[in-house]
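A.B. asks: I'll drop the sequence and a predicted model, then ask my questions.
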Amino acid sequence: MKRLALLALFALLLTACRSTAAAPAPQNATPTPPNTGALRDAQRIAADFLNAWRLENFSAMHNLLALNSRDANPLPEFEAFYRAAHARLTLKPEGLRYSFANAILRASEAAIAYDLRFETSYFGSFEDTNRLLRLVNTEEGWRVAWSRGDLFTEMANGAVLDVTQARLTRGNIYDREGEVIADMNGVSLAVTLLTRSYPTDNPAACFAELARIFPARSAETLERLFGGNTGRDFAYEIGVIAQERFLEEQVALERHCTLSYETRPTRRYLMGGVAPHVVGYVGAIPAEQVEFWESRGYPRDAIIGIDGVERQLESALSGQGKASLVLRQNGVIVRTLAERPGVASQSVYLTLDRRMQEATQQILREAFTTGGLGGISPGAAVVILDVKTGAILTIASYPDFNVEAFNPNSSLPNAQALIQQWANDPRKPTFNRATLGQYPPGSVFKIVSMAAAIESGLFTPNTRYYCGGVWNGTPLGDRTRTDWIASTAAGRHGSITLGQALTGSCNIYFWHVGWTLSNADPEILPKIARQMGFGRPSGMTDLAEAVGLLPDPARYEQLVGRKWRNSDALNAVIGQGDVVVTPLQVARMTAAVANGGYLYKPYVVEKIGIISEPSFVAQPEVVDKLDFKPETLAAIRDAMCEVTVNPTIGTATFVFQELRGAVVCGKTGTAETPTGGTHAWFAAFAGKTADAPEIAIVVMVERGGEGSGVAAPLTRRLVEAYYQLDASLASDAGN
């Protein structure tokens, strides 16, 4: 009955809309019997129009409009109107479903009643019933007499489609023990300009002050927007400012402006950012993404996660206030089309140990600012993993940065200058060296080479080889190569086992390994390296990571332009040549050696939710189990433990002597770089006892020098900090 009444009313409207030359119909007129053929034609055009809409064929829709409708609404404007509406609706592809009901025909005009179902990504499905599509019979046949009301009726009178969403307080970020890393306890003030009066009767001075403090708008722009309302009772929100900055600027602002303030919570990062490369930061919605975020119910001035965990877990941290799809006219909601229930914001608990993370960042900062590294190295990275789970306990990249600068409500007066400074800094402070930096590993890769040697069956841990200071490869078709020990007083290691070669980092022995393996099968070494996590992603989803590079003998000619040679194997076996890895990959491999061969997926998010009801709890995930001979990993562990305690051949014994309260087993690495200098590496596992390793630690210092002299001492400091030991100075002697 409601639909019939609507059609009857529309019949009167059709009559009223005719030209004044037509004879008026009496008020109690009833529709004439329909011309079945004409009505069928009108319905066909209506169906064509709705089908074209469903397929987003806006050109076809436009072609079905009456001439005066086409002239009044050119195709570009018509298409832009629908595309904007689809974006705001978050309409799915072919997300319209219609069904015809009744129809009415009066002379050259027709009205088709139909129901329409919208299927959207954000609001789900909702129906708009009792819609009317008006058509007119023209020289081209039946055509749609279109207006904006054909999207939604109220839009014919100027209503606009809008999304409203309640604002929620952003969730906090904690460490594994519940210590705060980021919260909403910062205070900011929304500053509103009142234009009725100016304290010094000088609006231009007020606009100049506002432009200085809120540089997004120039003084000229502010005057153009608000100057015309001087002396009138208007209020305009200018921007948001951190409370600390406001207190500094309040006198200057109020000297020339009449303002009001509203307190708002804002993001606060402890110490300017604990683990900034991991936690990330928030910021204003980028201009090019406004439409996307608005379609999800965010207001234009919302703060969103821009990088790191803040970005990765935006949905959980921000939650979703109750959202409504509405039609708004003159600021007033005239109809609610659909609603989406709110979802509470959640806090995120990381695997990081805040105390250890802070200590690590401080250790690196001191090494570069007062320890001498700042003059020779552009940066460094540290990764500490739980060997039993793959949880990232500490991850640091130096130089780091103050994430507060990216917060639009930052209390830093020079925030934009800092951001620009970091962007121009060749050391790349915002770059996460720990997961994205790719470097030749040098001798830490000998751990992989030792595993490949034993697994090949061509070597045992006790296979002996004479390790002199020089590799005379001429009879084998290679050039003469010099080992690092040749420059020392000893000049050579002598006859040693494979395990001793790892402990003493003898290149001569490992060149022999590389030559032997390459002659037998050049794929042996890269195959073992891939099994140990190199040259492929770890599976981590919390942070972006690089995959590094391994030489592929089978495709070498295709990739490099020449055939694989045994000399290429000599480079690869000592972690040089085409081999590049990330610090995270080395840490993951070291953890697998320590835990018996379990290669875990690294993760940094421990749980999500409120304290008593987490919605997500991470579970350790074994990606691969190293199916090695029992003696392989045992021999590698033994050799690594000798590195820190064997005074004869251990390359880092001088660093860890007299260390009490923890046992460290490791491998030094000094990797030559294509641009000169050497990267300093130390890869280690540690525990309170030798047979119960708990953590894997990797330190990498770009072009920092030798692993034993630079990376190993930093590792000792990290172990002392982790186990809260009394620091004792290591001897400066050794190599």
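C.D. replies: Alright, I've got the coordinates.
A.B. asks: switch to C-alpha atoms for all contacts and neighbour counts from now on
C.D. replies: Fine.
A.B. asks: Give me the below-cutoff pLDDT ranges for the stretch 101-250 of the chain.
C.D. replies: Residue ranges of the stretch 101-250 of the chain with pLDDT under 70: none are present.
A.B. asks: ranges for the helices of it?
C.D. replies: Assigned by DSSP state H, counting those that start in this stretch, the stretch 101-250 of the chain shows helices spanning 203-213, 219-226, 243-256.
A.B. asks: Comparing those, which comes out most buried?
C.D. replies: Comparing those by mean neighbour count (mean count of other C-alpha atoms under 10 Å), helix 203-213 ranks first with a mean of 19.
A.B. asks: Point out the other helices and strands that it packs with.
C.D. replies: Contacts defined by 3 or more C-alpha pairs under 8 Å, 6 or more residues apart in numbering; DSSP states H and E place helix 203-213 against helix 219-226, helix 243-256.
A.B. asks: Any chance of JSON lines for these, columns distance to residue 295?
C.D. replies: Shown next, in JSON lines, are the helices and strands packed on helix 203-213 (distance: least, C-alpha to C-alpha, whole Å):
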{"stretch": "helix 219-226", "distance to residue 295": "27"}
{"stretch": "helix 243-256", "distance to residue 295": "31"}
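A.B. asks: Where does the prediction get shaky in the stretch 301-450 of the chain?
C.D. replies: Scanning the stretch 301-450 of the chain for pLDDT under 70 picks out nothing.
A.B. asks: returning to that earlier point: which among the helices and strands packed on helix 203-213 is found nearest to residue 571?
C.D. replies: helix 243-256 (55.8 Å; C-alpha to C-alpha).
A.B. asks: Figure out which of the helices of the stretch 101-250 of the chain is closest to residue 615.
C.D. replies: Nearest to residue 615 among the helices of the stretch 101-250 of the chain is helix 243-256 (33.9 Å), distances taken as C-alpha to C-alpha.
A.B. asks: List the strands paired with the helix or strand that the closest one is followed by, with their directions.
C.D. replies: As assigned by DSSP states H and E, the chain's next helix or strand after helix 243-256 is strand 259-269. Applying DSSP bridges to the sheet, strand 259-269 is found paired with strand 180-194 (antiparallel).
A.B. asks: and the angle from the partner strand to helix 203-213?
C.D. replies: Strand 180-194 runs at 170 degrees relative to helix 203-213, counting by axes from the mean of the first three to the mean of the last three C-alpha atoms, to 10 degrees.
A.B. asks: Run the chain-centre distance for strand 180-194.
C.D. replies: Taking the mean of its C-alpha atoms, strand 180-194 sits 24 Å from the chain's own mean (C-alpha atoms, centre = their mean, to the nearest Å).
A.B. asks: Could you pull out the buried residues of it?
C.D. replies: By 16 or more other C-alpha atoms under 10 Å, the buried positions in strand 180-194 come out as 180-184, 186-194.
A.B. asks: any chance you could map the strands in the stretch 601-735 of the chain?
C.D. replies: Taking DSSP state E, counting those that start in this stretch to define them, one finds strands in the stretch 601-735 of the chain at 605-609, 614-617, 622-625, 663-672, 678-687, 695-701.
A.B. asks: so which of those strands is the most packed in?
C.D. replies: strand 695-701 (a mean of 30).
A.B. asks: Pull the CA coordinates from that strand and hand them back as PDB.
C.D. replies: Extracted in PDB, the C-alpha atoms of strand 695-701 (Å, rounded to 0.1, in the frame of the first residue of the first chain):
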ATOM      1  CA  ILE A 695      69.700 -15.800  23.900                       C
ATOM      2  CA  ALA A 696      71.300 -15.200  20.500                       C
ATOM      3  CA  ILE A 697      73.000 -11.900  20.000                       C
ATOM      4  CA  VAL A 698      74.300 -10.300  16.800                       C
ATOM      5  CA  VAL A 699      76.200  -7.100  16.600                       C
ATOM      6  CA  MET A 700      77.100  -5.500  13.200                       C
ATOM      7  CA  VAL A 701      79.000  -2.200  12.900                       C
END
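A.B. asks: What strands line up against it, and which way round?
C.D. replies: Sheet pairing of strand 695-701 (DSSP bridges) gives strand 380-386 (antiparallel), strand 678-687 (antiparallel).
A.B. asks: and residue 713, how many neighbours?
C.D. replies: By other C-alpha atoms under 10 Å, the residues close to residue 713 number 22.
A.B. asks: And for residue 636?
C.D. replies: By the criterion of other C-alpha under 10 Å, residue 636 has 25 neighbours.
A.B. asks: Then residue 215?
C.D. replies: Based on other C-alpha under 10 Å, the number of other residues close to residue 215 is 13.
A.B. asks: for residue 38, same thing?
C.D. replies: Using other C-alpha under 10 Å, the number of residues around residue 38 comes to 17.
A.B. asks: Spit out the contact partners of it.
C.D. replies: Counting by C-alpha atoms under 8 Å, 6 or more residues apart in numbering, residue 38 touches no other residue.
A.B. asks: Quick check: it is in a helix.
C.D. replies: Yes. According to DSSP: H, G, I helix; E, B strand; the rest coil, residue 38 belongs to a helix.
A.B. asks: so what pLDDT did it get?
C.D. replies: Confidence at residue 38, expressed as pLDDT, is 89.
A.B. asks: same thing with residue 282?
C.D. replies: Reported pLDDT for residue 282: 94.
A.B. asks: does the closest residue to it other than its chain neighbours sit in a helix, a strand or a coil?
C.D. replies: Counting by C-alpha to C-alpha, 6 or more residues apart in numbering, residue 305 is the residue found nearest to residue 282 once chain neighbours are left out, at 4.3 Å. Recorded secondary structure, residue 305: strand (three-state DSSP).
A.B. asks: count of residues packed around residue 305?
C.D. replies: 22.
A.B. asks: Can you verify my assumption that it contacts residue 283?
C.D. replies: Yes. Look at residue 305 against residue 283 with C-alpha atoms under 8 Å: they come within range, at 6.4 Å.
A.B. asks: Show residues contacting the helix or strand that contains residue 452.
C.D. replies: Assigned by DSSP H and E, residue 452 belongs to helix 446-455. With contacts defined as C-alpha under 8 Å, 6+ apart, helix 446-455 is touched by 459-461, 498-499, 502, 505, 510, 513-514, 517, 524-525, 528-529, 532, 573-575, 628-629, 632-633, 636.
A.B. asks: taking these one by one, which sit in helices?
C.D. replies: 498-499, 502, 510, 513-514, 517, 524-525, 528-529, 573, 632-633, 636 (DSSP state H).
A.B. asks: Check these against residue 69 and report the nearest one.
C.D. replies: Distances from residue 69 to the ones in helices among the contacts of helix 446-455, taken by C-alpha to C-alpha, are shortest for residue 529, at 68.4 Å.
A.B. asks: Could you report the neighbour count for the residue lying closest to the closest one once chain neighbours are set aside?
C.D. replies: Of all residues not flanking residue 529 in the chain, residue 448 sits nearest, at 6.0 Å (C-alpha to C-alpha, 6+ apart). Applying other C-alpha under 10 Å, we find 25 residues neighbouring residue 448.
A.B. asks: Next, find the distance separating residue 448 from residue 574.
C.D. replies: 9 Å (C-alpha to C-alpha, to the nearest Å).
A.B. asks: Show me how far stretch 446-454 is from its chain's centre.
C.D. replies: Stretch 446-454 sits 35 Å away from the centroid of its parent chain (C-alpha atoms, centre = their mean).
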